[in-house]
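> sequence first, predicted coordinates after that:
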There are 2 protein chains.
Amino acid sequence: MSYCDTCVIRNQAICSALTTEELSALNAIGRRRDLEPGESLMWEGDDSLLVANVIDGVLKLSTGTEDGREQIVGVVYPSDFIGRPFGATSSQNVTALTNSRVCIFSRTDFDAFASEHPALEHKLLKRTLSELDRTRRWLLLLGRKNAEEKIATFLLEMAERLGAGGSDEWESPISFDLPFSRQQVGDILGLTIETVSRQMTKLKKEGVIDLPSRRAVVILDRQSLEDHAG
Amino acid sequence: MSYCDTCVIRNQAICSALTTEELSALNAIGRRRDLEPGESLMWEGDDSLLVANVIDGVLKLSTGTEDGREQIVGVVYPSDFIGRPFGATSSQNVTALTNSRVCIFSRTDFDAFASEHPALEHKLLKRTLSELDRTRRWLLLLGRKNAEEKIATFLLEMAERLGAGGSDEWESPISFDLPFSRQQVGDILGLTIETVSRQMTKLKKEGVIDLPSRRAVVILDRQSLEDHAG
DNA sequence: CGGTCCGTTGAGAAGTCTCAATACAAGTGG
DNA sequence: CCACTTGTATTGAGACTTCTCAACGGACCG
C-alpha cells in the first residue's frame, strides 16, 4: 500500500508524469514529513541532501547576508517542488510558514530515479522554467518599483494564488488571508516592516483595499490596485 | 557538412549531450545568425517562436515597466541557452550587447526534438536549475543590498566571468573590460547611472579598483572589494 | 492584570534619485 | 589640424523616498 495512492497532489505534482508502477518505485524511496510554522527543512550553504514535493502548506525559500538581512526568494505551495537536484549545495533556506506536509527524497536517490525517468525530468524542467520566469519578473519589482507599486503588485499576485472572489473572477471584492507576517512581506518585497505597514494603510485609506484583521486582505477595487502596480 | 562540426561551443553547450548523429539531426533544424550591438532577437510578450544557443558574444535579457523603466534580468555568454521552450510567450527582451553569433531553432521544432532526446533535456534542466540559483541570489542583491554593496558584488561577479589576473587566480590585480555601459550596469543593479558612477569613483578613490578607461576595470584589492560586497 | 507579540504611527536621518552642469573621447567636416 | 557634434560619464545640489529609532496600540495568554 503506497502513500501515493491517496495523495492529493498526485495529479498536480511532477509525480503526474509517472505510471502507477513507476510511482510505487518512487514511493519506495520517499517518506512523508510534517513541519510546524518556523521549522526548516534545509539551510543555505548546507550539502544538498534532500529534495521534496509540497503536499500541503506554504513554505518560504530565503537567503540572507552575514549581518542578518533576509530576502525571501520564493514561496512554494502544494504540488510545488523543493530543493536542488543535481547540485552539491542548497542555495537557500526552506522554512514552513504554515503547518505543512512534504514528501521527502534523498537527493542522490532522486537524481538517480529522475535520470531514469525522462518524463519526470520533463515535468521538472517545465516547472523550473516557469519558476525562472516568475523569479525574473520579481527582479523587475525589486530593482525598479517603488514601495507602493511593490505592495500593489504583491497583493495582486496573492489574490491570484489565494483569492476567493464573487461569481465573476474579475469581480470585486476578492478576499484572502496572507500566509505572511508584515515582516515576511517586507522580506519578500525588499522593504522594512514599517514601510509595508504604511503603504497598506495608505491603500486602505484610499478605499482600494480593506484590512479586516492582521492577515486578512480584501481587494475592493481591483482596477485601481492594478493602476497602482505600475 | 554540418556547422556543428566546427562549432566552438560544441562541447560546452547543451549540444554536448548529443552523439554525432543526433547532432546532425539538430543541425538540420537550426541556423546561424549574427547580431550587432543593440539588435534584438526576441521581445517581451511576443509569441515564443525561437530558442537559441549563444555561440559568441554577450546578450542581455530584460523586462520593463510601461513607463520605460528597465531591469536587466539576465546576461548570457557563449554556450548559454536563450529562449523559452515549452511556453507560449517569451517573458523578456533578448538584445545583443556586443557583436554576437547565435544558433537559432524554431521553438516548436526544438520542443519536439528535445522531447525525443532526454539527454538534451537533462542538460537543459541542469542549466536552468543553475540559472534559477543565480537569479535568486540576484534577488538578495536587489532587495537588500545598498548601492556600494551592489557595485562591489557586481564587479566580483564580472571578474569571475571575464577576469584575467596574475599567475595565481586569487592574486591581484584582476582586469577586464565590462561589456556594459554605465546605464546598463544601472539596469542590472536597479540603480541610476549617476549612483553607479559615484560608487565606482568612490571605490577608485579608496584604491580598491582602478578605472583606466570607460569600460575597463582593474581590481587592485580583491579582499577589500569582498568586504565591500556585504 | 501584566506580559508578549505583532502591527501601526510619528519624527528625523540617511540613501538614492532627479535635474542640471560639466567633462571627456571619438568622429566629422571644414 | 581644428572647431563642432554626439554620445557617454562624472560631479554637484536639492528633493524625495525609504529607513531607523522610538513610542504606542491592540490581541492573545498566562
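Thanks, I have the structure now.
> which parts of chain A are helices?
Ranges of helices in chain A, per DSSP state H, are A:20-29, A:107-116, A:118-144, A:147-162, A:182-189, A:193-205, A:222-229.
> how about those, which one is nearest B:F110?
Across the helices of chain A, B:F110 has its closest neighbour in helix A:118-144 (12.7 Å, C-beta to C-beta). Using the backbone N, CA and C atoms, a C-beta is placed for each residue, glycine as well.
> can you tell if that closest one touches chain B?
Yes. Counting by C-beta under 8 Å from any C-beta of the partner chain, contacts between helix A:118-144 and chain B involve A:118, A:121-122, A:124-126, A:128-133, A:135-140, A:142-144.
> would you map out the domains in chain A?
Under the assignment automatic domain parsing, the domains of chain A span A:3-142, A:146-229.
> now look at the shortest one and say if it contacts DNA strand C.
Yes. Applying C-beta under 7 Å from any atom of the strand, one finds domain A:146-229 touching DNA strand C at A:181-183, A:193-194, A:196-198, A:200-201, A:211, A:214-215.
> ok, the first one next?
No. Applying C-beta under 7 Å from any atom of the strand, one finds domain A:3-142 out of contact with DNA strand C, separated by at least 8.9 Å.
> low-confidence ranges in chain A?
Chain A contains residues with pLDDT under 70 at A:1, A:164-172.
> which bits of it sit near DNA strand D?
So chain A meets DNA strand D at A:N146, A:A147, A:E148, A:G190, A:L191, A:T192, A:E194, A:T195 (C-beta under 7 Å from any atom of the strand).
> swap in 6 Å and give it another go.
A:N146, A:A147, A:L191, A:T192, A:E194, A:T195 (C-beta under 6 Å from any atom of the strand).
> okay, the helices of chain A in JSON lines with distance to B:L156 next?
As requested, these are exported to JSON lines (distance: least, C-beta to C-beta, whole Å):
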{"stretch": "helix A:20-29", "distance to B:L156": "39"}
{"stretch": "helix A:107-116", "distance to B:L156": "29"}
{"stretch": "helix A:118-144", "distance to B:L156": "19"}
{"stretch": "helix A:147-162", "distance to B:L156": "27"}
{"stretch": "helix A:182-189", "distance to B:L156": "24"}
{"stretch": "helix A:193-205", "distance to B:L156": "29"}
{"stretch": "helix A:222-229", "distance to B:L156": "33"}
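> present those as CSV; the columns should include distance to B:D47 and mean neighbour count.
Formatted as CSV, the helices of chain A follow (distance: least, C-beta to C-beta, whole Å; neighbours: other C-beta atoms under 10 Å in any protein chain shown):
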stretch, distance to B:D47, mean neighbour count
helix A:20-29, 34, 14
helix A:107-116, 30, 17
helix A:118-144, 15, 20
helix A:147-162, 23, 19
helix A:182-189, 31, 21
helix A:193-205, 35, 16
helix A:222-229, 24, 17
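> closest one to B:I29 among these?
That would be helix A:118-144 among those, by C-beta to C-beta, at 19.1 Å.
> how far away is the residue nearest to A:P212 when sequence neighbours are not counted from A:T63?
Counting by C-beta to C-beta, 6 or more residues apart in numbering or on different chains, A:P212 lies nearest to A:V218, which is 6.5 Å off, once chain neighbours are set aside. Separation of A:V218 from A:T63 (C-beta to C-beta, to the nearest Å): 32 Å.
> ok, A:N146 next?
Taking C-beta to C-beta, one finds A:N146 at 23 Å from A:T63.
> which one's more surrounded, the two?
Set A:N146 next to A:T63 and count neighbours by other C-beta atoms under 10 Å in any protein chain shown: A:T63 wins out with 21 against 11.
> show me what contacts the more buried one?
For A:T63, the contact set (C-beta atoms under 8 Å, 6 or more residues apart in numbering or on different chains) comprises A:E44, A:E70, A:Q71, A:V73, A:S91, A:Q92, A:N93, B:R136, B:R137, B:L139, B:L140.
> one more pass at 7 Å, please.
When contacts are counted by C-beta atoms under 7 Å, 6 or more residues apart in numbering or on different chains, A:T63 is found next to A:E44, A:Q71, A:V73, A:Q92, B:R136, B:R137, B:L140.
> same thing with A:L141?
A:L141 neighbours (C-beta under 7 Å, 6+ apart): A:K150, A:T153.
> one more time with 10 Å, if that's ok
A:149-150, A:153-154, A:157, A:188-190, A:229-230, B:65, B:71, B:139, B:142-143, B:190 (C-beta atoms under 10 Å, 6 or more residues apart in numbering or on different chains).
> which member of the residues you listed is positioned nearest B:A52?
B:Q71 (21.7 Å).
> surely the closest one touches B:L139?
No. Under the criterion of C-beta atoms under 10 Å, B:Q71 is not in contact with B:L139, lying 11.8 Å apart.
> between the two, what contacts are shared?
A:R136, A:W138, A:L139, A:L141, A:L142, A:G143.
> any idea how far the fifth one is from B:A216?
It stands for A:L142. A:L142 is 29 Å from B:A216, by C-beta to C-beta.
> now swap in the third one and tell me
Distance, A:L139 to B:A216, using C-beta to C-beta: 27 Å.
> identify the bridge partners of the residue lying closest to A:I55 once chain neighbours are set aside.
Taking C-beta to C-beta, 6+ apart, and ignoring the residues beside it in sequence, A:I55 has A:R101 as its nearest neighbour in space, at 4.3 Å. Under DSSP bridges, the beta-bridge partners of A:R101 are A:D34, A:D56.
> show me what contacts A:R101?
A:V8, A:I9, A:R32, A:R33, A:D34, A:L35, A:N53, A:V54, A:I55, A:D56, A:G57, A:P78.
> one step back: which one of the contacts of A:L141 is nearest A:G83?
For the contacts of A:L141, the minimum distance to A:G83 (C-beta to C-beta) is 17.9 Å, reached by B:L139.
> so A:A152 is in contact with A:D221, correct?
No. Under the criterion of C-beta under 10 Å, A:A152 is not in contact with A:D221, lying 11.1 Å apart.
> quick one: common contacting residues for the two?
Joint contacts of A:A152 and A:D221 (C-beta under 10 Å, 6+ apart) are A:L203, A:V208, A:I209, A:D227, A:H228.
> ok, the first one to chain B distance?
Taken as C-beta to the nearest C-beta, to the nearest Å, the spacing of A:L203 relative to chain B amounts to 19 Å.
> not counting sequence-adjacent ones, nearest residue to that residue?
In space, A:L203 is closest to A:I209, 4.8 Å off (C-beta to C-beta, 6+ apart).
> what residues are up against the one you found?
A:151-152, A:155, A:159, A:173-175, A:200-203, A:217-222, A:224-225, A:228.
> please name the bridge partners of A:M42.
A:V94.
> OK, contacts around it?
A:48-52, A:61, A:82-84, A:89-95, A:107.
> repeat for A:D56
A:V8, A:I9, A:D34, A:L35, A:Y77, A:P78, A:S79, A:T98, A:N99, A:S100, A:R101, A:V102.
> among the residues you listed, who's most crowded?
Going by other C-beta under 10 Å, A:V102 tops the contacts of A:D56 with 28 neighbours.
> can you tell me which residues contact the residue lying closest to A:N146 once chain neighbours are set aside?
If the residues on either side of it in the chain are set aside, A:N146 comes closest to A:G230, at 7.9 Å by C-beta to C-beta, 6+ apart. Counting by C-beta under 10 Å, 6+ apart, A:G230 makes contact with A:140-141, A:144-146, A:148-150, A:152-153, B:65-67, B:69.
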